[in-house]
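Student: Quick one: sequence plus predicted model below, questions after.
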Amino acid sequence: MYSGAIHRRGAIQALAAVAATGAVMPIRAGAESDVPRPIVNNLVKAARQVWNGRECLSVELTDGEQRGRLAKTRTSNGPSYAIVHRSFSAGVIESDVGAEVNGKGAADARGFVGFAFHVSDDLQTYEAVYLRMTNGRLNDPAPPPPRIDRAIQYVAHPDFHFAVSRANFPGRYEKGADIGAGRWHRLRLEVRGAQVRALVDGVVALTVDDLHYADRGGPVGLFVDDGTRGMFANLYIAQWSPGRSISLVSVLSGYDLATG
């Protein structure tokens, strides 16, 4: 997962500097940093490919997991992600993302793509913000209500997925967004304490102030769901160290997840 001992030492030294200063430190890696390199895949398969003219990592459910979702023998909204970073608590996660419906899922597949964070060590619980690309306002034709107001979603696994939040808190954990299937968009999560703020192409699209696993350190995953091939490129993280009054909005994130 690492490109040699020198690369490992550089990452360790940089993380030590973050801990010493309490700042968010941008770190940039080598020539392959534009394409994420998974540490481990959980219920998904990942491959390097070219999509919309750019090299990227494509992620989709394994064939067995996809068949299980259709047959209802596997749990929907399961922990399906490619892990790309070992430990994250607070800071910034961002990437260029895209998605297409791959024709293998159910009729209501929407092009689900996003980030799972605060993942448990056994990879079984997580919280996530993801996009439903076919629900975005930039599709032509635009999706009908209520789908057009359900383009970006916050969830926490196992017991706080869209059906629960939609029934109990309609409109609070999902919003409309200017996104579209077959396009690249920049998705950025700013996580601090119990809050996550999600920006799409620099515009705030969703804010959640009651994260279920607030402050839990854990892996970061590239999340996809039923019937979706998700694309990820130019993926970075900036780790927040408490004690400094630095606005996450103004921080340039640059920690290359490929360094682990």
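Tutor: Now that the structure is in, tell me what you want to look at.
Student: Who are the contact partners of the spatially most central residue of the chain?
Tutor: Centre of the chain computed as the mean C-alpha position; nearest residue by C-alpha atoms, centre = their mean is Phe115, 1.2 Å away. Shown in contact with Phe115 (C-beta atoms under 8 Å, 6 or more residues apart in numbering): Ile93, Ser95, Ala128, Val129, Tyr130, Leu187, Leu189, Val220, Gly221, Leu222, Phe223. Yep, even glycine has a C-beta here, placed from its N, CA and C like the rest.
Student: neighbours of the third one, just the number please.
Tutor: Ala128 has 25 neighbouring residues, counting by other C-beta atoms under 10 Å.
Student: for it, what are its contacts?
Tutor: Ala128 sits next to Gly114, Phe115, Ala116, Phe117, Tyr154, Val155, Ala156, His157, Phe223 when contact means C-beta under 8 Å, 6+ apart.
Student: These into CSV, with extra columns for pLDDT, secondary structure and distance to Val203?
Tutor: As requested, the contacts of Ala128 are exported to CSV (pLDDT from 0 to 100; DSSP: H, G, I helix; E, B strand; the rest coil; distance: C-beta to C-beta, whole Å):
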residue, pLDDT, secondary structure, distance to Val203
Gly114, 98, strand, 16
Phe115, 98, strand, 17
Ala116, 98, strand, 22
Phe117, 98, strand, 21
Tyr154, 98, strand, 17
Val155, 98, strand, 21
Ala156, 98, strand, 24
His157, 98, strand, 27
Phe223, 98, strand, 21
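Student: if I read this right, Gly218 contacts Ala90, doesn't it?
Tutor: No. Using C-beta atoms under 8 Å, Gly218 and Ala90 do not qualify as a contacting pair, with a distance of 11.6 Å.
Student: Could you tell me which of the contacts of Phe115 belong to strands?
Tutor: When those are checked against strands using DSSP state E, the ones located there are Ile93, Ser95, Ala128, Val129, Tyr130, Leu187, Leu189, Val220, Gly221, Leu222, Phe223.
Student: The residue nearest to the centre of the chain pairs with what?
Tutor: Val129, Leu222 (DSSP bridges).
Student: Counting neighbours, what do you get for the nearest residue to Ser95 once chain neighbours are set aside?
Tutor: Nearest non-adjacent residue to Ser95, counting by C-beta to C-beta, 6 or more residues apart in numbering: Leu235, 4.0 Å away. The local packing of Leu235 (other C-beta under 10 Å) involves 28 other residues.
Student: Next up, identify which helix or strand Leu235 is on.
Tutor: strand 228-239 (DSSP states H and E).
Student: Show me what that strand is packed up against.
Tutor: Using 3 or more C-beta pairs under 8 Å, 6 or more residues apart in numbering; DSSP states H and E as the contact criterion, the neighbours of strand 228-239 among helices and strands are strand 54-61, strand 81-88, strand 91-101, strand 112-117, strand 218-224, strand 255-256.
Student: closest one to Asp34 among those?
Tutor: Comparing these by their distance to Asp34 (C-beta to C-beta), the top pick is strand 54-61, with 6.5 Å.
Student: The contacts of Phe115, buried ones only, as a PyMOL selection?
Tutor: Here is the PyMOL selection string for the buried members of the contacts of Phe115, based on 16 or more other C-beta atoms under 10 Å:
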select buried, resi 93+95+128+129+130+187+189+220+221+222+223
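Student: quick one: low-confidence ranges for the stretch 151-260 of the chain?
Tutor: Applying pLDDT under 70 to the stretch 151-260 of the chain picks out residues 242-260.
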